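> task: produce atomic coordinates for the following.
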Amino acid sequence: MSINATILIVEDEPEIRRFLRISLVNHGYNLLETPKGEEGLTLLAEKKPELVILDLGLPDLDGVTFTKRAREWTSVPIIVLSARSREQDKIDALEAGADDYVTKPFGILELMARIRVAFRHTEKAAAVEEPVFVTGELKIDLAKRSVVVKGEEVHLTPIEYQILRMLVNNADRVVTQQVLLREIWGPGHAKQGHYLRVYLGQLRQKLEEQPARPKYLITEPGVGYRLRVIEEEV
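Next up is the predicted model:
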């Protein structure tokens, strides 16, 4: 999908837009650009780009509002590119429906990697596949509810499995603590972050070769957790 894909840039800083334009075109992408949120939503609806790069601090429409409105009718990947580095800003953007959050200043190689991950996730979601997820030496069969590490089946408690399943369904995307807590324990537990820390610790003991240096279950500090996709085990 990423070959000749069209990316919409919604960014009001001309220097950033120029930098992105040069970099993305050099990597083979087609571009749409606008400095305004409302126009960005119009372009998104009419031109149907395959991915959006979005600034939060737009002159006419906050990026979180843009994301919420877009998510009412499209699942196009949205990567937030913002100078706002507070954890709450990241949480707000991700819970509004953004797929990823990159803080300015940023490296173009990192951004390109995030774009590729977003496209991979979209392709996997669109494909008709067997309900088996594999990353590295970890294999999860969602139909059989089985988890295998290095060929050995691992027993998980019901809550451990629920957490892992949510991370699998959002592989390589950050799932916020609030979403995990709300979906697994209910709305009244949205601030009980210690629940997750305990269960993630248990999952790492069972799934990771080095639990203190996890390869699969990655913590995004202050925001949530991500199941890392490893294409090939080297």
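> Thr103 and Leu51: what is the separation?
Separation of Thr103 from Leu51 (C-beta to C-beta, to the nearest Å): 18 Å. Quick note: C-beta positions are derived from backbone N, CA and C, even for glycine.
> so the two - more neighbours on which side?
Leu51 (23 against 14; other C-beta atoms under 10 Å).
> from His27, how far off is that one?
For Leu51, the distance to His27 - C-beta to C-beta - is 12 Å.
> now the common contact residues for these two.
Counting by C-beta atoms under 8 Å, 6 or more residues apart in numbering, Leu51 and His27 have no shared contacts at all.
> what strands line up against the helix or strand hosting Leu31, and which way round?
If you go by DSSP states H and E, Leu31 is part of strand 30-34. When pairs are called by DSSP bridges, strand 30-34 turns out to pair with strand 6-10 (parallel).
> which residues of this protein score low on pLDDT?
1-3, 124-130, 189-191, 231-234 (pLDDT under 70).
> would you list every one of the strands in it?
Using DSSP state E, the strands of the chain run over 6-10, 30-34, 51-54, 78-82, 100-103, 132-135, 138-141, 146-149, 152-154, 175-176, 217-220, 224-227.
> which parts of the second one are buried?
This points to strand 30-34. Leu32, Glu33, Thr34 (16 or more other C-beta atoms under 10 Å).
> and it, how far out from the chain middle?
Its chain's average C-alpha position is 22 Å from that of strand 30-34, according to C-alpha atoms, centre = their mean, to the nearest Å.
> next, name the residue at the spatial heart of the protein.
Arg173 (2.6 Å; C-alpha atoms, centre = their mean).
> quick check, that one in contact with Arg226.
Yes - counting by C-beta atoms under 8 Å, Arg173 sits close enough to Arg226 to count as a contact (6.5 Å).
> dump the residue contacts of the residue lying farthest from the centre of the chain.
Going by C-alpha atoms, centre = their mean, the residue of the chain most distant from its centre is Glu152, 29.0 Å out. Listed by C-beta under 8 Å, 6+ apart, the contact set of Glu152 is empty.
> partners of it in the sheet?
Val149.
> cool, Arg226 as well?
Bridge pairing for Arg226 - DSSP bridges - gives Ile218.
> next, count neighbours for it.
Arg226 has 19 neighbours, counted by other C-beta under 10 Å.
> give the contact list for the residue nearest to the centre of the chain.
Arg173 makes contact with Asp99, Asp100, His121, Arg226 under the criterion C-beta under 8 Å, 6+ apart.
> what is the nearest of those residues to Gly107?
Of all the contacts of Arg173, Asp100 has the smallest distance to Gly107: 14.4 Å, by C-beta to C-beta.
> that closest one touches Ala118, doesn't it?
Yes - using C-beta under 8 Å, Asp100 makes contact with Ala118 at a distance of 6.3 Å.
> mind giving me the domain ranges of this protein?
6-126, 132-227 (automatic domain parsing).
> right, and Ile9 touches Leu31 too?
Yes - under the criterion of C-beta under 8 Å, Ile9 makes contact with Leu31 at 6.4 Å.
> so what sits against both of these two?
Joint contacts of Ile9 and Leu31 (C-beta under 8 Å, 6+ apart) are Leu20, Arg21, Leu24.
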